[in-house]
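S.K.: Starting from these lines, generate the structure:
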Amino acid sequence: MAPIKNYFELNDKEILACDDLIKKLQQKISLEDSTVKGFNVGTNSGKVAGQSIFHCHIHVIPRREGDVENPQGGVRSVIPSKQHYIRKK
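M.R.: A predicted model of the protein is given here:
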């Protein structure tokens with residue numbers, strides 16, 4: 001069996017298991033640290049996307065009020081022109 005290099009090589013059962021684990025981590029972190037007010041969840045797939053270790057892994061990043069100057073844009077911050085936008089009302 002070849003190693004799984006990124007998220008897109010997972011089968012449906014593996015994706016569901018990862019999703020379940022992500023939700024469990026979110027709950028555990030939230031219960032243990034009340035300063036966590038949000039999360040970023042993501043994966044880098046391919047060298048041009050920033051992947052440097054070629055096995056599937058998913059980032060679960062707890063976020064706190066004030067942890068960055070302006071959190072608007074979230075994971076879009078990897079594309080500077082997409083980082084900040086004007087929110088439509």
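S.K.: tell me the phi and psi of residue 60?
M.R.: phi -120, psi 110 (degrees, to the nearest 10).
S.K.: Can you give me the distance of it to residue 51?
M.R.: Between residue 60 and residue 51 the distance, using CB to CB, to the nearest Å, works out to 16 Å. Bear in mind the C-beta positions are built from the backbone N, C-alpha and C, glycine included.
S.K.: now do residue 70
M.R.: Distance from residue 70 to residue 51, by CB to CB: 26 Å.
S.K.: quick one: contacts of stretch 62-70?
M.R.: Residues external to stretch 62-70 that are found in contact with it (CB atoms under 8 Å, 6 or more residues apart in numbering): 29, 33, 35, 36, 37, 38, 39, 40, 71, 84.
S.K.: If we ignore the residues flanking it in sequence, what's nearest the second one?
M.R.: Take residue 33 and drop its neighbours on the chain: the residue closest to it by CB to CB, 6 or more residues apart in numbering is residue 62, 7.0 Å away.
S.K.: Secondary structure class of that neighbour, three-state.
M.R.: When states are read from DSSP: H, G, I helix; E, B strand; the rest coil, the local structure at residue 62 comes out as strand.
S.K.: beta partners for it?
M.R.: Using DSSP bridges, the beta-bridge partners of residue 62 come out as residue 39.
S.K.: Can you report how many residues lie near it?
M.R.: A count of nearby residues for residue 62, using other CB atoms under 10 Å, gives 17.
S.K.: I'd assumed residue 53 was in contact with residue 5.
M.R.: No. Counting by CB atoms under 8 Å, residue 5 stays clear of residue 53, with 9.7 Å between them.
S.K.: who has more neighbours, those two?
M.R.: Residue environment comparison for residue 5 versus residue 53 gives the larger neighbour count to residue 5, 14 against 8, counting by other CB under 10 Å.
S.K.: For the residue lying closest to the more buried one once chain neighbours are set aside, which three-state class applies?
M.R.: Spatial nearest neighbour of residue 5, chain neighbours left out: residue 54 (4.8 Å); criterion: CB to CB, 6+ apart. Reducing the assignment to helix, strand or coil with three-state DSSP, the entry for residue 54 is coil.
S.K.: That concludes my questions; thank you for your assistance.
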